[in-house]
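Engineer: How does the following fold in three dimensions:
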Amino acid sequence: MNDTVSAVNALSARWARQTRQGTVFSAAGVWPLLAFLADGAGGPARDELTRAVGMQADQAVAGARELLAGLDAMSGVASALGLWTDRALEVREPWAAGLPADAHGVLGPDAAASQEALDGWAAKRTGGLVERMPVKPAEGARMVLATALALRTDWRHPFRETVLRPGSGPWQGRTLAGLHRSSVRPDRIGVAAGPDGHVTTVKVPGDNGIDVHLLLGAEGMAPGQVLHTGIAVLERALPVTTGGHLPYGPAGPGVVVERQPSVTPDPVRLDVTTPGFTVRADHDLLQLHALFGLSTAADAREGHFPGISPAPLAIGAAGQSAVAEFGPLGFRAAAVTAVVAAPGGGPPRYTHESTVVRLTVDRPFGFLAVHRESRLVLAGGWVSEPTEAS
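Structural biologist: Predicted coordinates for the structure are as follows:
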C-alpha cells in the first residue's frame, strides 16, 4: 500500500498548495473516485486522470480497492463507495466487478426521491457529520459515483479547557475557547525550515492510531505554503529540529523555550495552547479540474468513459463536502465526495527547574489528520475562524 499512500499524499500536497482560506479537504476521499474513473476512461481523459492519480490506470484501480480496504481496517475510520445509475444505462461488467460488493444502486425517475436517497447515504456513512451529498444530479444524469470517509479519535490525554485572548494578529481582541495541555514529550513538537519559511509542527496523538498535526507557519506565509510544508515534514522530505534540541528564547513560529520553576523533576516539558475549532467546506472539484484530471472528462460534447459504459458519458458535476472538529476530548472529521456522469454530448511548592517548550497557537493555522502507521493523510485543512469562548 506504500505506493498508494504516496500517491494520495502527493494529491493532498498539490491540493494543499491551492488552499487560500478556512477549509477542510480529504484527498483520500477523492483519489479512489479518480482511480475508478481512470480505469474506465479512454483517450485524453484517461491520460489526464492517470496523471492526477500518479500511477497507471490499471495500477490505480487496484490501489483504490486496496485503499478502501485499508481504510476500513483502520481503527476509528469508516469508508464506503457507492454507485448509482439510471436503469437504462448499461454498465460494463469488467468495470463494475472492480467495485466493492453491494455498491450499486439505482437512480429512479423521481429526482427528489433519488436526491433524498443520496443524502441519506451520505449522512449514514459519516455518522451525520455530512448531512447531504455534495452534488445534485441534474435531470438526465446517468450515473453518480461517490465515496464517504469518516474518522474519529480520542486524545490519549485530554486538553484542559481555558480561555485564549490573542494579544496581536488577526484574532487580537477576541476571546477564544482555548485548549491547553502539558506533557513530558518535547519530541512531539518540531520546527522545519521549508522553502517558503519556518513551520512549527506539533503532533497530538489519538488513542487508536490516528494523530492530528497542528501547523503554525511564520507570519506572512500563505495557508497553502504552510500545509505543503507540513506534508513534506510528514513525508520526511524536510529536516525537523525537535523540542529537546530547540534553542532558548524564540525558537520558531509560536514557540518559546525557557527555564521555569517546576513542581516535578522532568528535565523538559512541552506546553501547548491552541483554540478549538470546527471547520466545514464545500468544494466544486470542477473549479480545480486540472488538479483532479477532469478537464477533458468534463467536456460534454463527447463521451470519455468507454470502459464504464457503451453510452457516451462526461462528468457533469464533481464535489466534496467535508467537516472537521477539534475539541478537548478528541477529533472528528468526515468527507463525502461525488461525481455525476451526464450524457456526453493553593500555590505549589517549586522544588525543581525545567526547560519548558511553549507553543501558543493564536493566529490562523493548518492541520493534518494522519494514520500513524502508514502516514496516510486522511484529512487536512486551515483554521481561520476558531471557536469563540461561550
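
Engineer: Leaving out chain neighbours, which residue sits closest to A322?
Structural biologist: Excluding its sequence neighbours, the residue lying closest to A322 (Cβ to Cβ, 6 or more residues apart in numbering) is A335, at 3.9 Å. No exception for glycine: its C-beta is placed from N, CA and C like everyone else's.

Engineer: Okay, and A150 sits in which element?
Structural biologist: In the assignment (DSSP states H and E), A150 maps to strand 143-154.

Engineer: before we move on, what about A192?
Structural biologist: Assigned by DSSP H and E, A192 falls within strand 189-194.

Engineer: buried residues in that strand?
Structural biologist: For strand 189-194, a neighbour-count test (16 or more other Cβ atoms under 10 Å) marks 189-192, 194 as buried.

Engineer: Ok, stretch 205-218 next?
Structural biologist: Buried, per 16+ other Cβ under 10 Å, within stretch 205-218: 205-206, 208-218.

Engineer: Ends of it, what's the gap?
Structural biologist: Terminal residues of stretch 205-218 are spaced 24 Å apart (Cα to Cα, to the nearest Å).

Engineer: Tell me how far that stretch lies from the chain's centre.
Structural biologist: Chain-centre distance of stretch 205-218: 12 Å, with Cα atoms, centre = their mean, to the nearest Å.

Engineer: Stretch 223-231 now?
Structural biologist: 13 Å.

Engineer: So what touches it?
Structural biologist: 9, 12-13, 16-21, 23, 192, 194-197, 199, 201, 213, 215-217, 238, 364-366, 368, 377, 380, 382, 384 (Cβ atoms under 8 Å, 6 or more residues apart in numbering).

Engineer: contacting residues around L37?
Structural biologist: L37 is in contact with 49, 145, 297, 305, 308, 315, 339, counting by Cβ under 8 Å, 6+ apart.

Engineer: An error on my part: the question was meant for L81.
Structural biologist: L81 touches 32-33, 36, 68, 99-100, 103, 145-147, counting by Cβ under 8 Å, 6+ apart.

Engineer: mind giving me the domain ranges of the chain?
Structural biologist: Here the domain parsing of the chain from automatic domain parsing is 2-152+278-343, 154-276+351-383.

Engineer: Tabulate the contacts of L37 (a markdown table), appending secondary structure and pLDDT.
Structural biologist: Shown next, in a markdown table, are these (DSSP: H, G, I helix; E, B strand; the rest coil; pLDDT from 0 to 100):
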| residue | secondary structure | pLDDT |
| --- | --- | --- |
| L49 | helix | 97 |
| L145 | strand | 95 |
| A297 | coil | 96 |
| F305 | coil | 95 |
| I308 | coil | 95 |
| I315 | strand | 95 |
| V339 | strand | 94 |
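
Engineer: where do the strands sit along the stretch 101-250 of the chain?
Structural biologist: Listed in chain order, the strands of the stretch 101-250 of the chain (DSSP state E, counting those that start in this stretch) span 104-107, 143-154, 160-164, 176-183, 189-194, 197-205, 210-217, 240-242, 249-252.

Engineer: quick one, which of these is nearest to S354?
Structural biologist: strand 176-183 (10.2 Å; Cβ to Cβ).

Engineer: Measure how far that closest one is from the centre of its chain, please.
Structural biologist: Counting by Cα atoms, centre = their mean, strand 176-183 comes out at 23 Å from the chain centroid.

Engineer: can you check stretch 358-371 too?
Structural biologist: Per Cα atoms, centre = their mean, the centroid offset for stretch 358-371 relative to its chain is 14 Å.
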